[in-house]
Every structure is written in C-alpha cells, then in structure tokens.
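Novice: Here's a sequence, model it:
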Amino acid sequence: MKKVLVLCTGNSCRSQIAEAYLRHFAGEKAEIYSAGVETHGVNPRAISTMKEDGIDISQHTSNNIDEYFNIDFDVVITVCDNAKERCPFFPTKAKKFHQNFHDPAKATGTEDEILAQFRQVRQMIKSYSQEFVTNYLSA
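Specialist: Numbering: from 1, shown residues only. Next comes the predicted model:
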C-alpha cells in the first residue's frame, strides 16, 4: 500500500481538503497523510465546505511535517508554492508532485463571496485528487 503525504504551508485548508478527497478516492489503495511546514489549525470554512460535499473533516488535526519524518512516503504532493519551496528533504524514494491551488483562507469579501472561493478551490482539489488516484494510485 502506498503512503502519500499532502504538504501545504499551514495544514489548515488545501492540504486538509486534498487529504480527504485522496482518501475518499483511493480507498484501501493508499494511506493518506497531510501536514504543513507550519500548523494553523483546521480552517472552519474548509470543514463546512467539505461537509457540503458529504465529507466530514471535523476530526482532522493540523500536523507539522516534523511529525512524519519516520514514515517512508512513496509520494509527496505539495499543494502550494510556498510548501514546495520550503519542503524539507525526505531521505526516501518519495516521488514528488506539485499543484499550486489558490489559498481560499486569504479570500476577502462577503461571507458568500468567501464561501464561493472555498467551493471553487474545493472543486479544483477534488478533480485533481480523483485524477491523481486514477493515474498514480490505481496501478
């Protein structure tokens, strides 16, 4: 079974969403983890936006990359440019992938406008995750 790490800056939003969708689409094909180069707590809007799509991430925790140095990951996916630049060296065979997603936590405007940005990013991450599982974890 492949071990996959999703890495972002604060492990509060994009990486949490990606972890949930990768886990959803991969099922028993992979163990999915997420972490940040920092920890900011799980974003409440990420929780509510995922709940709208039937996935509960309310029990997720915000984890620091340092917590996972003892795991021999097969895949590391960075979901923001900052994490890619700050991604620590993994002394493993981990294959690295990168896809930058806009940070909806930085959205401004009315609550409806902010939630619209969360939903847009959620959909982009959902599509990416489904494609990733099909192309890299189904074999």
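
Novice: Counting neighbours, what do you get for H24?
Specialist: Other residues within reach of H24, judged by other C-beta atoms under 10 Å, total 17. Using the backbone N, CA and C atoms, a C-beta is placed for each residue, glycine as well.

Novice: show me where this protein has strands.
Specialist: Under the criterion DSSP state E, the chain contains strands at 2-8, 30-36, 75-78, 95-98.

Novice: Please name the residues that touch N11.
Specialist: Applying C-beta atoms under 8 Å, 6 or more residues apart in numbering to N11 gives the contacts S34, A35, G36, E38, T39, H40, V42, S62, N63, N64.

Novice: residues touching the last one, list them.
Specialist: Taking C-beta under 8 Å, 6+ apart as the contact definition, N64 lies against N11, A35, G36, V37, E38, T39.

Novice: Quick check: of those, which lies closest to D112?
Specialist: N11 (26.3 Å; C-beta to C-beta).

Novice: how close does the closest residue to that closest one other than its chain neighbours get to S138?
Specialist: Excluding the flanking residues, the one nearest N11 by C-beta to C-beta, 6 or more residues apart in numbering is G36, at 3.1 Å. Distance, G36 to S138, by C-beta to C-beta, to the nearest Å: 27 Å.

Novice: of those two, who's got more company?
Specialist: Taking neighbours as other C-beta under 10 Å, G36 and S138 compare with G36 leading, 25 against 11.

Novice: can you give me the end-to-end distance of stretch 99-112?
Specialist: 26 Å (C-alpha to C-alpha, to the nearest Å).
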